[in-house]
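*Asks:* need a structure here:
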Amino acid sequence: MKKNCVKIVAYSLLSLAMAGCVSPHPDAPMIQTANSSYHPVILISIDGFKPEYLGRGVTPALNALAAEGARAENMRPSFPSITFPNHYTLVTGLRPDHHGIVANTMDDQNIAGVRFKMSNKSAVLDRRWWDQAEPVWVTAEKNKIKTGIMFWPGSEAAIHGVRPSEYSAFDETVTPVARVDTVLHWMDKHADSRPGFLTIYFDQVDHAGHDFGPDTKEVTDAAATVDAAIARLTEGLRARRIAANIVIVSDHGMAATSSERTILLDQLASPASYDVVVYGSYAGIEPKAGQEENVAKALLKAHEHMQCWKKEDIPARYQYGKNPRVPRFVCLADVGWLVVPDARAAGKANKGAHGYDNLSQEMQALFIAQGPAFKKATVLPAFDNVDVYSLLMKLTGLPAQPSDGTIDAIQPALVQ
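*Replies:* Predicted coordinates:
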C-alpha cells in the first residue's frame, strides 16, 4: 500500500480539529483565506439511490443542491445495472462491454485460476482486470492534476501503472462522516498538494435496499444518514471558501425481491452441465466442455419471468455480450424476480436487487450537479450514464479518452 494512503481515523480526527466540526472558529486561517482559484471537481456516488428517494422528506441537502444547480429527471445506467460495471462506466465513459468490468463476478481466460469478485481483494487490486480502460483519476495524474479517491471501484489498483495521489482501501465500517472528513482534510493541504479531482462513495443506501427492500424505513434512514454527510461536506466547503463543482450520482436503482419469486436453474438443466458465474437479477452461465448444446436446449426456450440468450444474440440495445469476459449464456429475470442456482440459494434471497433491464423504471439512477460551472434550477431530460465522463473531463479540463458518451445531454446545464 502506498505510503500516503489515508489512515481514516487519524485524518478524521484531524479534520474535525481543523474544521471545528464543520463550523471553524472565526479566527481560523481557512476562514481568512479565500480559495478563489481552487475549484475542485468532487464526484459523489450514493450506491443504489433511486431518484424517488428525494421525495421522502429526509434529504434536505441533496434537494438544496438540486435546486441550486442541475438535476436529471433520471439517469439511465448501463447494462447490467450493478455496482462495479456502472461505477467504472461513470469514470471511463465506456459501456461494461468496452471497459471490461462486465459484472461484479467474472472470469477471464487470460487470468487463469482467478474469479474476480468484490470480496476477492487480490483480484480487485490486480490491474489486469481494469486496464481495458483509463478512469478519470489516471488521466488526471498523468496530466499533473492530483486526485483524492475516497473509495471507488478500481481505485486501489495501479491501473496502467498509476495510482491516485490519495486513496483509501475500501472499508464499509468507515462512517459517512469519516469519509467526508477525509476528503476535507485532503483539500486542507498546501496548494501544490491538494487534489483537483476527488470522489466519495457511500454504500449505506444500497445495503439497506438489499437487506430490507427499497420501500422501507431502513432505506429512508440510510438516505437521511448520507444526506447529513453531504450537508457536512457542503458546510466544510463553505467554511473553507472553496467553490467546488459537485457531481452526485448513483449507479443504479433498486427493486423489491422475494425468495418466493425465484427461478431455479437446477430445475431447467443438470448442474453437472454448466457453471454459474454470476446470478441474481440476471445469471451468467458457462457450459462445461461438450455441454453447450444441452445447456442451449434447456435455456433457449420460453420461460416464465426470464429470458435467456447466447451472448452473441443479446439484443443490441443492451450493448452487452461482445467482451470475452461475458459468459456464454446470459439469462435476465423480469424485474422483481431472481435467477438462482437452486432452492438453497433461493432461501437466501435478498429483499431488494438490481441488475435488471437498464431501461426499467426501478433501475433509474440519480444525477445532481452544483457549483460555479452549473446553471441554477435546471432540470435535464433523462440521459445515459456514459455521458457523465464527458462532463467530468470538461470540468477538469483534461483530455478525454475515446468513450461511448458525449457532453450534449448535459451541456444545457452548464454556464458556458
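
*Asks:* pLDDT weak spots in this structure?
*Replies:* When residues are selected by pLDDT under 70, those of the chain lie in 1-35.

*Asks:* quick check: domain ranges of it?
*Replies:* Each structural domain of the chain that the record assigns through automatic domain parsing is listed here as a residue range: 8-255+359-413, 262-349.

*Asks:* the nearest residue to residue 287 once chain neighbours are set aside: neighbouring residues, count only.
*Replies:* Counting by CB to CB, 6 or more residues apart in numbering, residue 295 is the residue found nearest to residue 287 once chain neighbours are left out, at 4.2 Å. Glycine gets a C-beta too; all of them are placed from N, C-alpha and C. When neighbours are defined as other CB atoms under 10 Å, residue 295 has 22 of them.

*Asks:* then the one 10 residues further on?
*Replies:* One way to gauge burial is a neighbour count; for residue 305, by other CB under 10 Å, it gives 14.

*Asks:* pull the contacting residues for it.
*Replies:* With contacts defined as CB atoms under 8 Å, 6 or more residues apart in numbering, residue 305 is in contact with 261, 263, 333, 334, 337.

*Asks:* the residues you listed into CSV, with extra columns for secondary structure, distance to residue 133 and neighbour count?
*Replies:* Written out in CSV, the entries for those read as follows (DSSP: H, G, I helix; E, B strand; the rest coil; distance: CB to CB, whole Å; neighbours: other CB atoms under 10 Å):
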residue, secondary structure, distance to residue 133, neighbour count
261, coil, 35, 15
263, strand, 33, 20
333, strand, 28, 27
334, coil, 31, 18
337, coil, 31, 21
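
*Asks:* nearest to residue 58 among these?
*Replies:* For the contacts of residue 305, the residue nearest residue 58 by CB to CB is residue 261; the value is 28.6 Å.

*Asks:* grab the nearest non-local neighbour of that closest one.
*Replies:* The nearest residue in space to residue 261 (CB to CB, 6+ apart) is residue 337, at 4.7 Å.

*Asks:* so who does the one you found touch?
*Replies:* Counted by CB under 8 Å, 6+ apart, residue 337 has contacts 257, 261, 262, 263, 281, 305, 306.

*Asks:* those in strands, which ones?
*Replies:* Among the contacts of residue 337, the members falling in strands (DSSP state E) are 262, 263, 306.

*Asks:* re the thing from before, so what's the residue nearest to residue 287 up against?
*Replies:* Residues near residue 295 by CB under 8 Å, 6+ apart: 269, 273, 274, 285, 287, 328, 329.

*Asks:* okay, these in a markdown table with secondary structure, neighbour count and distance to residue 159 next?
*Replies:* Formatted as a markdown table, the entries for the contacts of residue 295 read as follows, by DSSP: H, G, I helix; E, B strand; the rest coil; neighbours: other CB atoms under 10 Å; distance: CB to CB, whole Å:
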| residue | secondary structure | neighbour count | distance to residue 159 |
| --- | --- | --- | --- |
| 269 | coil | 18 | 38 |
| 273 | helix | 17 | 37 |
| 274 | strand | 26 | 32 |
| 285 | strand | 24 | 29 |
| 287 | strand | 20 | 32 |
| 328 | coil | 18 | 28 |
| 329 | strand | 24 | 30 |
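
*Asks:* what's the closest of these to residue 240?
*Replies:* The shortest gap between residue 240 and any of the contacts of residue 295 belongs to residue 285, at 51.6 Å (CB to CB).
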